[in-house]
Structures are given as structure tokens and as C-alpha cells.
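Engineer: here is the input, now give the coordinates:
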Amino acid sequence: MDNAERIVRSLDQHLDHEVPLIVYGRAAIALGFATAPDAVKRSLDIDAIIPASRVEDFQNDLKFWDAQEATNRELDKDGLYFTHLFEATQVFLRRDWEQHVVPLQRPPTRWLRLFRPGPIGVNSPALDSGRSSYRGAAASS
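Structural biologist: Here you go, the predicted structure:
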């Protein structure tokens, strides 16, 4: 099990409700691609993007922040953590990025609904297959 998977599983175990989370950076590569390089799988953290439309929801979700703190306490001994959550305005993203998020299928989770940003500037039916509407997931949380 790679580090991103360990962090996600820990966070999921500490949650008690559904949380859509858009993972990016090395963790998104590790979780989204079976052939991710080993160096990517050894990343010590997870980065996430919070869409502008969801910032207030995240700020008010105290149980999420409790789960995040519990995850960091649990994994601290191994130097793993989840502390980098950025508002979308703090990350360079294409204008309609939320329309192009891709669901992450691994690891299986009970409460987390994981996504990653889609490819930039690529219009390919092969890449479009399996896309899911993040807005739909966000609306159901």
C-alpha cells in the first residue's frame, strides 16, 4: 500500500459522513494511475483542492477537521500527513476545471468520494470515459 492510500484510508476511517475531495499533485497520480512511479507513491502527504462553491461547507464541517487531525496524529509516527487543502483560487486551474474532474476508484472508501483534476487541453473520448460529475457528488453531501 502506497503512502497516499494509507492517508486516504485513515481519513476515511475517522469520518462519519460523505465528503467529496479533489486530490491533486503526486497523491492524485499515485491513486489515479496503476503505473505511477515509485517516487510518487512515496510522497508523504496529500494535497486537495476545495472548489470556491464548497469553501464554506468545508469550513463549517467540524467533523471533517476532527477526522483530518485524527489522521495526522495516527500517521505522524510514519511522517505522513494531510494538511494541504487549498481553495481553488490558490491553485492554477483551467477556467472550467470542475466540469472535468475524474473519479478515483482506489482505494475503496466508505465516506470519501475522491476525484482528481482532469487532463488539461485534451479532448479524447478515451480520457472522458469514467468521468463523473463532481457537482452531483457535492450536492449529495
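Engineer: could you give the number of residues near the closest residue to Val102 other than its chain neighbours?
Structural biologist: In this structure, Val102 finds its nearest non-sequential neighbour in Gly118, 5.0 Å apart by CB to CB, 6 or more residues apart in numbering. Glycine gets a C-beta too; all of them are placed from N, C-alpha and C. A count of neighbours around Gly118, defined by other CB atoms under 10 Å, yields 17.
Engineer: and Gly118, that's in a strand?
Structural biologist: No. Looking at Gly118 with DSSP: H, G, I helix; E, B strand; the rest coil, it is coil, so not inside a strand.
Engineer: any idea how far Ser10 is from it?
Structural biologist: Distance, Gly118 to Ser10, by CB to CB, to the nearest Å: 26 Å.
Engineer: what segments of this structure are strands?
Structural biologist: Under the criterion DSSP state E, strands of the chain are mapped to 19-24, 45-50, 81-87, 102-103, 112-116.
Engineer: partner strands of the second one, parallel or antiparallel?
Structural biologist: Based on DSSP bridges, the pairing partners of strand 45-50 within the sheet are strand 19-24 (antiparallel), strand 81-87 (parallel).
Engineer: all helices for this structure, in order.
Structural biologist: Ranges of helices in the chain, per DSSP state H, are 3-14, 26-32, 38-41, 55-60, 62-75, 125-128, 134-139.
Engineer: single out the most deeply packed of the ones you listed.
Structural biologist: helix 26-32 (a mean of 23; mean count of other CB atoms under 10 Å).
Engineer: mean confidence score for that one?
Structural biologist: The predicted model gives helix 26-32 an average pLDDT of 93.
Engineer: identify the residues contacting the spatially most central residue of the chain.
Structural biologist: The residue lying closest to the centre of the chain (CA atoms, centre = their mean) is Val23, at 2.7 Å. Val23 sits next to Ala4, Val8, Leu31, Ile46, Asp47, Ala48, Leu104, Leu114, Phe115, Arg116 when contact means CB atoms under 8 Å, 6 or more residues apart in numbering.
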